[in-house]
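S.K.: here is my input, please return the structure:
(one chain, ligands or ions: 1)
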Amino acid sequence: MSNQLLKGKKGIIFGALDERSIAWKTALVAVAEGAEIVLTNAPIALRMGKINELAKACNAQVIGADATSDADLDALMVKSMEVLGGKVDFILHSIGMSPNVRKNIEYTNTNHENFLKTLDISALSLHRVLQAAMKADAINEWGSVLALSYIAAQRTFPGYNDMADAKAVLESIARSFGYHYGFAKKVRVNTVSQSPTVTTAGSGVSGFDVFYNYAEKMSPLGNASAEDCAKFCAMMFSDFTRMVTMQNLFHDGGFSNTGVSSLVIESMKQPDNA
Ligand SMILES: NC(=O)c1ccc[n+]([C@@H]2O[C@H](COP(=O)([O-])OP(=O)(O)OC[C@H]3O[C@@H](n4cnc5c(N)ncnc54)[C@H](O)[C@@H]3O)[C@@H](O)[C@H]2O)c1
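M.R.: The predicted structure follows:
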């Protein structure tokens, strides 16, 4: 059921690859809630993914942009404002990729060229997006920018590899840029720290199945789905959250504040040998 929470609002959504993507679900919810959107992804993802299907369902235009290219992002801001007929009210940064994770290279024996790419694609890209938006004055006052994060920014999850460091930088950029954009234009910037979710990026992390099940057992509400995350993002784009900025918001069914659960204790019990 739609509440038209985003009626009259315009936005740019990065990162919808296929129907499992958090960005894909967020695009559908945003449009159902009354928003008009532009979809964007890296040129290679436009060729390999299914974004045109989503564009049709959302009545949206697709504008390619590599989030590590300032020129692409500058052009994206200008074209989005042309297509949407004015400035935007929200931006979703739903981008992550680690060549080290992809190639199963261990954290303690990393390839530093890859590591730099991880940081550029998964973290600095948020800075690039915000800088391009500010330069083009592309976001209305009280606009809302969200990026997706994971709790490995605060605590170690070994399989998450260099993505953990990227998420720590991402969350810091949200605070730092949020400060400047808040004072300059009343634009808010937050990160959403989401439960493990079955998507292309998520499933690429080594041991994903095990920690997905572990998080499910640890979280009082269970793992948050991509659909639930999309609804949370829509609320964060709405005027109901206009005083929230520079925060990392856990959307994880309570995982982040649970020390241990009885379900996990049960699963650790040794069989009685006596
Ligand atoms: N899936 C999970 O378990 C989980 C949990 C917490 C946070 N997240 C985060 O959610 C976000 C979205 O990931 P997802 O799980 O929906 O997976 P996904 O694979 O569907 O989305 C990742 C997106 O990043 C895009 N991307 C990669 N390189 C890019 C570039 N250079 N320029 C522009 N776009 C680029 C991909 O094309 C893809 O659309 C990521 O930041 C991810 O780290 C995911």
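S.K.: near the ligand, which residues of this structure?
M.R.: 14-15, 17, 21-23, 41-42, 45, 66-68, 94-97, 121, 148-150, 194, 196-197, 199-202 (CB under 6 Å from any ligand atom). (Each C-beta comes from the backbone N, C-alpha and C, glycine too.)
S.K.: take the residues you listed and keep only those in helices.
M.R.: Cross-referencing the residues of the chain next to the ligand against helices under DSSP state H gives I22, A23, A45, T200, A201, G202.
S.K.: who's in contact with the first one?
M.R.: Going by CB atoms under 8 Å, 6 or more residues apart in numbering, I22 touches G15, S94, L148, Q194, T197, T199, A226, C229, A230, C233.
S.K.: now do 6 Å
M.R.: S94, A226, C229 (CB atoms under 6 Å, 6 or more residues apart in numbering).
S.K.: how close does F14 get to M163?
M.R.: Look at F14 and M163: by CB to CB, to the nearest Å, they are 17 Å apart.
S.K.: which of these two has more neighbours?
M.R.: Per other CB atoms under 10 Å, whichever of F14 and M163 has more neighbours is M163, with 28 against 24.
S.K.: mind listing the helices for the protein?
M.R.: Under DSSP H, the chain gives helices at 22-32, 43-48, 51-58, 70-84, 99-102, 112-119, 125-135, 163-185, 200-203, 208-218, 226-237, 262-268.
S.K.: buried sites along the fourth one?
M.R.: So that's helix 70-84. Residues D72, L73, D74, A75, L76, M77, K79, S80, M81, L84 are the ones in helix 70-84 that count as buried (16 or more other CB atoms under 10 Å).
S.K.: which one of these is nearest to L6?
M.R.: L84 (13.0 Å; CB to CB).
S.K.: make sure the closest one is actually in contact with K10.
M.R.: Yes. If you go by CB atoms under 6 Å, L84 and K10 touch, sitting 4.3 Å apart.
S.K.: any residues in contact with both of those two?
M.R.: Counting by CB under 6 Å, 6+ apart, the shared contacts of L84 and K10 are E36.
S.K.: which residues of this protein score low on pLDDT?
M.R.: Residues of the chain that meet the criterion pLDDT under 70 lie in 272-274.
S.K.: how near is M218 to the ligand?
M.R.: Going from M218 to the ligand by CB to the nearest ligand atom, to the nearest Å gives 15 Å.
S.K.: run a quick neighbour tally on that residue.
M.R.: By other CB under 10 Å, neighbour count at M218 equals 21.
S.K.: report the contact partners of it.
M.R.: Contacts for M218 (CB under 6 Å, 6+ apart) come out as F255, T258, S261, V264.
S.K.: neighbour-wise, which one of those residues leads?
M.R.: Highest neighbour count within those: F255, with 24 neighbours (other CB under 10 Å).
S.K.: is it correct that that one is in contact with S219?
M.R.: Yes. If you go by CB under 6 Å, F255 and S219 touch, sitting 4.2 Å apart.
S.K.: so who does the closest residue to the ligand within the stretch 151-274 of the chain touch?
M.R.: As assessed by CB to the nearest ligand atom, the ligand sits closest to G202 within the stretch 151-274 of the chain, at 2.5 Å. For G202, the contacting residues are P196, by CB under 6 Å, 6+ apart.
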